[in-house]
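> let's see this in three dimensions:
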Amino acid sequence: MSQVNDFRARIARQLLLAIKDPNPNLRFLALEGLQFCPGIPEIERILPLLTDNDRFVKWKAIQIAGLLRLKSAGPYLLKLLFSPDMNTRSYSALALGHLSDPLHISALGDLFSRENSAKVRQSIIRSLGGFTETIPWEILSKAALDEDVGVRLDLAKVLGGIAPNPTACDILLNLIEQETNTHVFATAILSLGRFQQPKLLGYFQHSLQHQDPRIRGNAIEALGRLPFDQIETLLTPFLKDSSSRVRANVVSIFIENGKIDAVMPEIDRMLDSTNRWERASGAWLAGNYCLVNALPALIRLLNDEEAVVAERCAWSLGRLRAPNTFKILWNAYQTASQWALTHIIKAMYEVATKCDVDALITLLEKERSPLIKSQIMDIITSLRETKVRDIIVSYRTDSDIRVRLSVYKYLGTVVWETSSALLREGLNDTNAKIRGMCADLMMRAGDLSGLSTLSNLLNDHDKLQRVQKVSTLRELAALFHPADPS
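Prediction:
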């Protein structure tokens, strides 16, 4: 573990030097790297970038200060709440939410009262979800009366996250009783379920009569949090609802309460339905609850003409993890239509183990489709199998960009210790996407020699998209998993 920490500390030191570069693209990229270096004592060196002349560098620095909970950034962020730039105010509010210092609530409340931008008001409401010890009820109450749908929608989500606090429940009920937008209403009903209060049953019953299936579906899901003996009679008629999602929610509640025999016929009917959404719902239920008896139907539906059904079946097969599933898929692959091959490969991705690598290599060497070749390589990459390195490398000069992308992804994530020279060669590929990916993989592995390549490829649109992509710690955690140098 000490070797890993030393390695990451070395990368952090290099990135801290790069944040002083006169090129704003390099400063931006260095900040992106530093967001994956929590806990380093030198991280406060990013503070001057909170007022950087380049707006994208400034926004990224604001974002990182919040994501890494850099308490010393608080005074800077409070000043930025008065910025004339809407995005700066928005990102600063979100960052303050991550810091969750009660002393900042007053400033956020003042901004909410004077703010004309609905986007900024939304950010403020989302930020308030971080104040779990000192909850700003006054601001949340004001938000229930906000004219903007997005603000009220975010409020409904935040209040659900505060459950089972009774004050949050009261504000949510006020929102529900005056709400006219169906999207907000549906979200609020779902959040109300998190309070798990039998006295709220009437609100859910009323919502079950709504013509919008999203509201009925959310009401069913909310009811599922109450004791089953209180809701079974109420839910049973909705096994015949016109909405497949409503029926799937009812089936879920029955299964979770040990009543699978009562609803298995409905699942079978969904899987055989002529309606694509019903088939997709049936596949979701089979996968979510590991219904092994549904395996033959799921294999059959990989040939479904509707992509949403076939893709859901591939996902479900991965959840089932039934014995011999890979072998069954292998046999199905040999006679499948061209349409079904991609979905069978996706299912293989879900169930394959290292024991199946030889079979995958056999498919790779026989396959002519560049798309499927790349998908097979991606499965091998996900398995982190090193023994087939030379075979994968042999496709590095393939004429198809998808194949080359998969080759470099394998080199940069599975065998990066022995592939630095090949990744450097990838910096000269004719395709800009491949050059960028190689540079990014090198950077993640601690080789910053590709920074200039990334810098040259980075434009304002990309920077904006990359700032907007990360707004919560959960999204950050899912963004990427750096290679482990141990």
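
> D304: what secondary structure?
Here D304 is recorded as coil under DSSP: H, G, I helix; E, B strand; the rest coil.

> test my guess that it contacts A310.
Yes. The pair D304 and A310 passes the contact test of C-beta atoms under 8 Å, sitting 4.7 Å apart. Bear in mind the C-beta positions are built from the backbone N, C-alpha and C, glycine included.

> report the separation between V149 and G224.
Here V149 is placed at a distance of 27 Å from G224 (C-beta to C-beta, to the nearest Å).

> which stretches of this structure have low pLDDT?
The chain contains residues with pLDDT under 70 at 1-8, 470-486.

> most remote residue from the middle of it, which is it?
T233 (36.1 Å; C-alpha atoms, centre = their mean).

> settle it for me: which of V149 and G224 has more neighbours?
Neighbour comparison, V149 and G224: the larger count goes to G224, with 19 against 15 (by other C-beta atoms under 10 Å).

> residue contacts, the more buried one?
193, 231, 249, 252-253, 256 (C-beta atoms under 8 Å, 6 or more residues apart in numbering).

> quick check, nearest of those to D170?
G193 (15.9 Å; C-beta to C-beta).

> helix/strand/coil for the residue nearest to that closest one when sequence neighbours are not counted?
Among residues not flanking G193 along the chain, A222 sits closest, at 2.5 Å (C-beta to C-beta, 6 or more residues apart in numbering). Using three-state DSSP, the structure places A222 in helix.

> pretty sure A222 is touching F204, no?
Yes. Contact criterion C-beta under 8 Å: A222 and F204 qualify, at 5.5 Å.

> which neighbours do these two share?
Residues touching both A222 and F204 (C-beta under 8 Å, 6+ apart): 189, 192-193.

> which ones among those map onto helices?
Within the shared contacts of A222 and F204, residues falling in helices by DSSP state H are 189, 192-193.

> which one (most neighbours) among those?
I189 (31 neighbours).

> just give the nearest non-adjacent residue to D429, would you?
Nearest non-adjacent residue to D429, counting by C-beta to C-beta, 6+ apart: R435, 5.3 Å away.

> circling back: could you report the distance from the residue nearest to G193 to L47?
The gap separating A222 from L47 is 44 Å, by C-beta to C-beta.

> what's the answer for P136, then?
P136 sits 26 Å away from L47, going by C-beta to C-beta.

> who has more neighbours out of those two?
Ranked by neighbour count (other C-beta under 10 Å), P136 and L47 place P136 first, with 21 against 15.

> the more buried one touches G130, doesn't it?
No. P136 is not in contact with G130 according to C-beta under 8 Å; the separation is 10.6 Å.

> on the three-state scheme, G130 is what?
With three-state DSSP as the criterion, G130 reads coil.

> so what does it have for phi and psi?
phi -80, psi -10 (degrees, to the nearest 10).

> one more: L208?
Torsion angles, degrees, to the nearest 10, at L208: phi -70, psi -20.

> rewinding a little: look up which helix or strand the residue farthest from the centre of the chain falls in, please.
In this structure, T233 sits in helix 228-235 according to DSSP states H and E.

> which strands and helices sit next to that helix?
helix 201-207, helix 213-223, helix 244-256 (3 or more C-beta pairs under 8 Å, 6 or more residues apart in numbering; DSSP states H and E).

> swap in 6 Å and give it another go.
Helices and strands touching helix 228-235, by 3 or more C-beta pairs under 6 Å, 6 or more residues apart in numbering; DSSP states H and E: there are none.

> what's the neighbour count on the residue nearest to R152 when sequence neighbours are not counted?
Distances taken as C-beta to C-beta, 6+ apart place V184 nearest to R152, at 4.8 Å, with adjacent residues excluded. V184: 20 surrounding residues under other C-beta under 10 Å.

> my guess is H343 meets N303, correct?
No. The pair H343 and N303 fails to qualify as a contact (C-beta atoms under 6 Å) at a distance of 7.9 Å.

> quick one on the thing from earlier: what lies in contact with the helix or strand harbouring the residue nearest to R152?
V184 belongs to helix 182-193 when assigned by DSSP H and E. Outside helix 182-193, the residues within contact range by C-beta atoms under 6 Å, 6 or more residues apart in numbering are 152-153, 156, 159-160, 172, 175-176, 179, 200, 207, 212, 214-215, 218-219, 222, 225.

> do stretch 407-424 as well
Applying C-beta under 6 Å, 6+ apart, the set of residues contacting stretch 407-424 is 377, 381, 384, 386, 389, 392, 395-396, 426, 437-438, 441-442, 445, 483.

> could you export it as CSV, CA atoms only?
Output of stretch 407-424 as CSV, limited to C-alpha atoms (Å, rounded to 0.1, in the frame of the first residue of the first chain):
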residue,chain,number,x,y,z
VAL,A,407,-6.6,-2.2,-28.2
TYR,A,408,-5.3,0.9,-26.6
LYS,A,409,-7.9,0.7,-23.9
TYR,A,410,-6.6,-2.8,-23.1
LEU,A,411,-3.0,-1.7,-23.1
GLY,A,412,-3.6,1.4,-20.9
THR,A,413,-5.8,-0.4,-18.3
VAL,A,414,-4.6,-4.0,-18.1
VAL,A,415,-0.9,-4.1,-19.1
TRP,A,416,0.0,-0.5,-18.8
GLU,A,417,3.2,-1.3,-16.9
THR,A,418,4.7,-2.9,-20.1
SER,A,419,2.9,-0.8,-22.7
SER,A,420,4.2,2.8,-22.2
ALA,A,421,6.1,2.7,-25.5
LEU,A,422,3.0,1.6,-27.4
LEU,A,423,0.8,4.2,-25.8
ARG,A,424,3.3,6.8,-26.8
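
> relative to the whole chain's centre, how far out is that stretch?
From the chain centre to the centre of stretch 407-424 is a distance of 26 Å (C-alpha atoms, centre = their mean, to the nearest Å).

> ok, and for that stretch, which residues are buried?
Residues of stretch 407-424 classed as buried by neighbour count (16 or more other C-beta atoms under 10 Å): 407-416, 419-420, 422-424.

> which ones among those are found in helices?
Short answer: the buried residues of stretch 407-424 in helices (DSSP H) are 407-413, 420, 422-424.

> now flag whichever of the residues you listed is closest to E365.
Within these, the smallest distance to E365 is 14.4 Å, found for V407 (C-beta to C-beta).

> surely G318 meets A352?
No. With contact defined as C-beta under 6 Å, G318 does not reach A352; the gap is 9.4 Å.

> before we move on, the earlier item: next up, the contacts around the residue nearest to D429.
The contact partners of R435, by C-beta under 6 Å, 6+ apart, come to 427, 429, 453.

> next: P38.
By C-beta under 6 Å, 6+ apart, the residues touching P38 are L68.

> now swap in G318 and tell me
Going by C-beta under 6 Å, 6+ apart, G318 touches 350-351.

> rerun that using 10 Å as the cut-off
Each residue near G318 by C-beta atoms under 10 Å, 6 or more residues apart in numbering is listed here: 287, 325, 346-352.

> next: A310.
Taking C-beta under 10 Å, 6+ apart as the test, what A310 contacts is 279-280, 283, 298, 301-304, 339-340, 342-344, 346-347.

> in PyMOL, how would I select the buried members of those?
Command for PyMOL that selects the buried part of the contacts of A310, burial taken from 16+ other C-beta under 10 Å:
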select buried, resi 279+280+283+298+301+302+303+304+340+342+343+344+346+347
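
> kindly indicate which of the contacts of A310 lies nearest K58.
Using C-beta to C-beta, K346 comes nearest to K58 of those, at 40.6 Å.

> number of nearby residues for the closest residue to that closest one other than its chain neighbours?
The shortest distance from K346 to any non-neighbouring residue, by C-beta to C-beta, 6+ apart, is to A314 (3.9 Å). Neighbourhood size, A314 [other C-beta under 10 Å]: 25.

> many thanks, I have nothing further to ask.
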